[in-house]
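> Predicted structure and sequence below. I'll ask about it afterward.
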Amino acid sequence: MELFKRTIFRIFALALVFAAAFGILIATGKMTLPSVDAVSKATGEIISRDEVEGSFTVLINKDLHRDAKTLAEWEKFFRGEPYGYIFEDITCYVSTSDASGWEMAEGLRSRLPENQMKLKGVIEPMIADKIRHGIFDVAVFSDGAVKQLGMEDILKMPNVDVLQI
């Protein structure tokens, strides 16, 4: 029984030490707790295209989007024009080092119904290869990233629909 009491006391003491250390980190500003606005985070913030600065390139894989009407609706959506209901889900690839491209992709996703667009970050060398080999659905890049990745040849591929937004 004495061993049990000592073990419980030690566990309690360790928990108290960790709680105190955590409290000190928060009090000194070295660690912050995330603040969540329940209303805006629950409903999702809608980011307008105009709020994201710069120009962007959207690539759509025509091999996966063969229906002309659906492709036209996706094009309207990406350009920010009024569009009808689109019945298919898409996966949007973004370079992990392209912060502006990621922000634009988040903004685009926020305009769609929940879970209709999945975002996937891909490291720089792999994203260009995925596109060259047709292993993508949609990709969003800032124009600076297109030049940095040397993807000018991709913009001329026949199975890639290129939109400048």
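Received it, and whenever you're ready, just let me know what you need.
> Strands of the protein, start to end?
Under the criterion DSSP state E, the chain carries strands at the ranges 56-61, 90-95, 117-122, 138-142, 160-164.
> quick one, which of the ones you listed is packed in tightest?
Of all the strands of the chain, strand 138-142 carries the top mean neighbour count, a mean of 26, counting by mean count of other Cβ atoms under 10 Å. The C-beta positions use only the backbone N, C-alpha and C, and glycine is treated the same way.
> How far off centre is that strand?
Its chain's C-alpha centre and that of strand 138-142 lie 11 Å apart, by Cα atoms, centre = their mean, to the nearest Å.
> One more: stretch 127-137?
That offset, for stretch 127-137, works out to 17 Å (Cα atoms, centre = their mean).
> what comes up buried for it?
Of the residues in stretch 127-137, 127, 128, 130, 131, 136, 137 count as buried by neighbour count, 16 or more other Cβ atoms under 10 Å.
> any residues touching that stretch, and which ones?
Applying Cβ atoms under 8 Å, 6 or more residues apart in numbering, the external contacts of stretch 127-137 come out as 59-61, 63-64, 90-95, 122, 139, 149-151, 153-154, 157, 159-160.
> I'd like the strands of the chain written out as a markdown table, with distance to residue 106 and mean pLDDT added.
A markdown table is the format used below for these (distance: least, Cβ to Cβ, whole Å; pLDDT from 0 to 100):
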| stretch | distance to residue 106 | mean pLDDT |
| --- | --- | --- |
| strand 56-61 | 12 | 90 |
| strand 90-95 | 9 | 91 |
| strand 117-122 | 7 | 91 |
| strand 138-142 | 10 | 89 |
| strand 160-164 | 18 | 85 |
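> In JSON lines, list those strands along with distance to residue 19.
Compiled in JSON lines, the strands of the chain are given as follows (distance: least, Cβ to Cβ, whole Å):
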{"stretch": "strand 56-61", "distance to residue 19": "46"}
{"stretch": "strand 90-95", "distance to residue 19": "39"}
{"stretch": "strand 117-122", "distance to residue 19": "35"}
{"stretch": "strand 138-142", "distance to residue 19": "43"}
{"stretch": "strand 160-164", "distance to residue 19": "52"}
